[in-house]
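>>> predicted model follows, preceded by the sequence.
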Amino acid sequence: MPTYDYECEHCGHTFEAFQSIKAEPLKTCPSCKRKALRRLIGCGAGVIFKGAGFYATDYRSKDYQKKAKADKESSSKPSGSGGPSSSGEKKGKTEKTASGVK
C-alpha cells in the first residue's frame, strides 16, 4: 500500500497517509477539520526487493538445478589423489646429484 502526501489548502498543514490504491482521497484536514485537502504528487519511495524470486536464476527448471548441483559437486572434489605424479616418479625416490642427495 502506498503512502500519499496531503496538504490542506486552508491552514497549510501537510501530512502523509498510508492508504490502499483503491481508497478515495482524504478530504477533511485533521488539523483544522475543513474539507480543503489536496493530494500531492510525490516522487514515491524506492522499491526494496527481499527474499527469493527476484532474479532470473530463482526460477530455473528442476533439471537445470540438478545438473548445476552435480557440476558443482564434481568440480569441488580434488583432481589428484596425492599419489605419484604423472611423470612416473615413485614416492620416496631420491635423486643423486654432483653435490649429494637432492
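Great, that's in hand.
>>> does K66 belong to a helix, a strand or coil?
helix (DSSP: H, G, I helix; E, B strand; the rest coil).
>>> point out where this structure drops to low pLDDT.
43-59, 77-102 (pLDDT under 70).
>>> where along it do the helices fall?
62-76 (DSSP state H).
>>> buried ones in stretch 9-25, by neighbour count?
H13, Q19 (16 or more other C-beta atoms under 10 Å). In this view, the C-beta of every residue, glycine as well, is placed from N, C-alpha and C.
>>> end to end, how far does that stretch reach?
15 Å (C-alpha to C-alpha, to the nearest Å).
>>> what's next to that stretch, contact-wise?
Stretch 9-25 is touched from outside by 1-8, 26, 29-32, 34, 36-40, with contacts defined as C-beta atoms under 8 Å, 6 or more residues apart in numbering.
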